[in-house]
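Asker: Here is my input; please provide its structure:
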Amino acid sequence: MPTTHKSFLEVRTSDAATVEIDGEIYNLGAVKSIFASHRNYIVWFDDKDDLWYEVNHKLVVHDDEFHAFWNNCRKLASESLHNLSSEQRRAAIEMRASALSSALESKYESANLAIIEAFNYINSVNERVSKKRYLVGVIGSAALACAIAMLLFAIYRYFPVDDIFQSCGTAMSGGALGAILSAATGKIEDARFDANATAIEGYMNGTLRVLYGLCGSFVVVMALRSGLIDSKLISSDNERFFAFLLAVAGGFVERFSANLLTGLSSTSK
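Answerer: Predicted coordinates:
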């Protein structure tokens, strides 16, 4: 049985609460915690941490300014919170509750400022977490590429195999280094960065950056081996170092090539 109260101020946390004022019944449902209560309104969280409010319909009439605020409040509620910890998620919800309480008292300037702060807080947390995952994906996949490159170098050194193993090792090690330099020196907010990405998407986006770099390094190293790239500066003594330098450059410029391809695909639609 729901507990019936005669005022919003009498409401306490319970599984089911009902308020009856001047013959009008307000069914609040589950009340896990109360953020604010007043004789004319109440703001509370249910057992799922969803935010709710109720007002005395005979005394409180919502004007156009409140409806504009409420639209922004609903937009805030639709923001992705999956990258936030439980404490951070609770803080974001309480920011929204604080804004709602101010709006119910017609303090719209404070309410709108609180909404903006909540938007900025959620976006900053999402971006910080996604950047960390993105860079972990870059460094982890680059480390794996370097380990494979070392294996290819060892095979070439100790076994009678074609020097393609050395070229592939050069491309992988140089491309991985170039991709790390690209991620460290350029803006991370490129075509493959998504601040709202899930954990798996964040790591994969970083891994894709290294894969782009490896593709670029393979192209330039194979171009050198095939003779498409030639220079008087290249000799038998420094060819390996020149190939590694080209591989690093190929891995570094992946950002520009990937963003160029993204831009061309978007303009063609």
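Asker: so where is the chain shaky, pLDDT-wise?
Answerer: 1, 186-193, 229-237, 254-269 (pLDDT under 70).
Asker: what ranges do the strands span in it?
Answerer: For the chain, applying DSSP state E gives strands covering 3-5, 14-21, 24-31, 33-37, 41-45, 51-55.
Asker: Put together JSON lines for the ones you listed, with mean neighbour count on each row.
Answerer: Where you see a C-beta, it was placed from the backbone N, CA and C, and this is true even at glycine. Listed next are these as JSON lines, based on neighbours: other Cβ atoms under 10 Å:
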{"stretch": "strand 3-5", "mean neighbour count": "16"}
{"stretch": "strand 14-21", "mean neighbour count": "16"}
{"stretch": "strand 24-31", "mean neighbour count": "15"}
{"stretch": "strand 33-37", "mean neighbour count": "16"}
{"stretch": "strand 41-45", "mean neighbour count": "22"}
{"stretch": "strand 51-55", "mean neighbour count": "17"}
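Asker: now for these, which one comes closest to E79?
Answerer: For the strands of the chain, proximity to E79 was assessed by Cβ to Cβ; strand 51-55 is nearest, at 13.0 Å.
Asker: partner strands of the closest one, parallel or antiparallel?
Answerer: strand 41-45 (antiparallel) (DSSP bridges).
Asker: got the contact list for the partner strand?
Answerer: 8, 11, 19, 28, 31-37, 51-56, 60, 93, 97, 100-101, 104 (Cβ atoms under 8 Å, 6 or more residues apart in numbering).
Asker: what residues are up against the spatially most central residue of the chain?
Answerer: The residue lying closest to the centre of the chain (Cα atoms, centre = their mean) is A195, at 2.4 Å. Residues in contact with A195 (Cβ under 8 Å, 6+ apart) are N123, N126, E127, S130.
Asker: Count the neighbours of the second one for me.
Answerer: Residues near N126, counting by other Cβ atoms under 10 Å, number 21.
Asker: Look up how far L104 lies from it.
Answerer: 28 Å (Cβ to Cβ, to the nearest Å).
Asker: out of the contacts of A195, who has the most neighbours?
Answerer: When neighbours are taken as other Cβ under 10 Å, the top entry among the contacts of A195 is S130 (23 neighbours).
Asker: Wait, V161 touches A154, no?
Answerer: No. Applying Cβ atoms under 8 Å as the test, V161 and A154 come out as separate, 10.7 Å apart.
Asker: For E54, give the beta-bridge partners.
Answerer: Under the criterion used (DSSP bridges), E54 bridges to I42.
Asker: need the contact list for it.
Answerer: E54 touches F8, V19, Y26, L28, Y41, I42, counting by Cβ under 8 Å, 6+ apart.
Asker: follow-up on the earlier one: to S78, which of the strands of the chain lies closest?
Answerer: Shortest distance between S78 and those, using Cβ to Cβ, is found for strand 51-55: 12.6 Å.
Asker: With distance to L76 as added columns, please give the contacts of E54 in JSON lines.
Answerer: Formatted as JSON lines, the contacts of E54 follow (distance: Cβ to Cβ, whole Å):
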{"residue": "F8", "distance to L76": "24"}
{"residue": "V19", "distance to L76": "26"}
{"residue": "Y26", "distance to L76": "24"}
{"residue": "L28", "distance to L76": "22"}
{"residue": "Y41", "distance to L76": "19"}
{"residue": "I42", "distance to L76": "20"}
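Asker: returning to that earlier point: now the residue nearest to the centre of the chain, nearest residue through space, not along the chain?
Answerer: Of all residues not flanking A195 in the chain, E127 sits nearest, at 4.4 Å (Cβ to Cβ, 6 or more residues apart in numbering).
Asker: gap between that neighbour and D63?
Answerer: Taking Cβ to Cβ, one finds E127 at 35 Å from D63.
Asker: just N238 next, same as before
Answerer: N238 is 77 Å from D63, by Cβ to Cβ.
Asker: Then N27?
Answerer: As for N27, its distance to D63 is 25 Å (criterion: Cβ to Cβ).
Asker: same question, V136
Answerer: From V136 to D63 the distance is 49 Å (Cβ to Cβ).
Asker: Looking at those two, which one has more neighbours?
Answerer: V136 (15 against 10).
Asker: wait, the more buried one sits on Y203?
Answerer: Yes. Counting by Cβ under 8 Å, V136 does reach Y203; the two are 6.3 Å apart.
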